[in-house]
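**Student:** Mind folding the following:
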Amino acid sequence: MNRKWVHIFVLSIVMLIVSGCNQSVEEQVSAGLENTKTTFESKPKEPNEMIGQIELFIPKGYGIEKGIDELNYTLVNGKDSYILFVNLHEPKDSQLHYTILKEDPNIKIVQEEIYKADDMFGFSSVIEREEKQYELVVSIGGVKLTTLSENKKIDQKLQEMMEIVQSVRTIDSSK
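**Tutor:** As a prediction, this is how the structure comes out:
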């Protein structure tokens, strides 16, 4: 009798894992946007990397590559590449990136979320690019991070992107 319960338990765990891996894009996006909201509202992670005039938190498994200039960098995690853009002249409450996104008539936003705090404005958007390919955009003020993704791990990527964007700090080079 005990063995039967062990088999039922193991089968239940396997079913949960399999069903979790087969989330629809809509479910992943909704979960990801909820995760980015929670992350936006929480304390930023402490920076663990310094590049150019900024310091930031980079999750485990990510690497940094030099971008086209001192304010554009490529972050890499496995096969995924992320473009980090930092505009030092835009304050944390800037809506510039959001305005530019919304004014583009060729963009098909699947779902988005806007975040506001006392001195910050942020957003996360999932944009449909091609069949089963999505552009993920996370921004706070003058900091924006984007990546292209197939319909896998969208929720996790959005959360990690918000952790990175939220942690960006500029270094005062006049000291």
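
**Student:** The chain: strands as residue ranges?
**Tutor:** 49-51, 54-56, 63-69, 72-77, 80-86, 108-117, 120-130, 133-140, 143-150, 169-170 (DSSP state E).

**Student:** Find the least confident helix or strand in the chain, judged by mean pLDDT.
**Tutor:** In the chain, the helix or strand scored least confidently by mean pLDDT, DSSP states H and E is helix 2-21, which has a mean of 48.

**Student:** most packed of the strands of the chain?
**Tutor:** strand 133-140 (a mean of 23; mean count of other Cβ atoms under 10 Å). From N, CA and C alone the C-beta is placed, and that goes for glycine too.

**Student:** ok, Thr146 to Ser42 distance?
**Tutor:** Going from Thr146 to Ser42 by Cβ to Cβ, to the nearest Å gives 22 Å.

**Student:** right, I mislabeled it, should have said Phe57
**Tutor:** 12 Å.

**Student:** What of Asn72?
**Tutor:** The spacing between Asn72 and Ser42, counted by Cβ to Cβ, is 27 Å.

**Student:** Contact partners for the residue lying closest to Ile154 once chain neighbours are set aside?
**Tutor:** Nearest residue to Ile154, sequence neighbours excluded (Cβ to Cβ, 6 or more residues apart in numbering): Gln28, at 4.0 Å. Shown in contact with Gln28 (Cβ atoms under 8 Å, 6 or more residues apart in numbering): 151, 153-155.

**Student:** between the residues you listed, which is closest to Gln95?
**Tutor:** Ile154 (24.0 Å; Cβ to Cβ).

**Student:** Report pLDDT for Gly52.
**Tutor:** On the pLDDT scale, Gly52 is placed at 80.

**Student:** got the phi/psi numbers for the closest residue to it other than its chain neighbours?
**Tutor:** Once flanking residues are discounted, Gly52 sits nearest to Glu70: 4.3 Å by Cβ to Cβ, 6+ apart. Main-chain torsions, Glu70, degrees, to the nearest 10: phi -70, psi -10.
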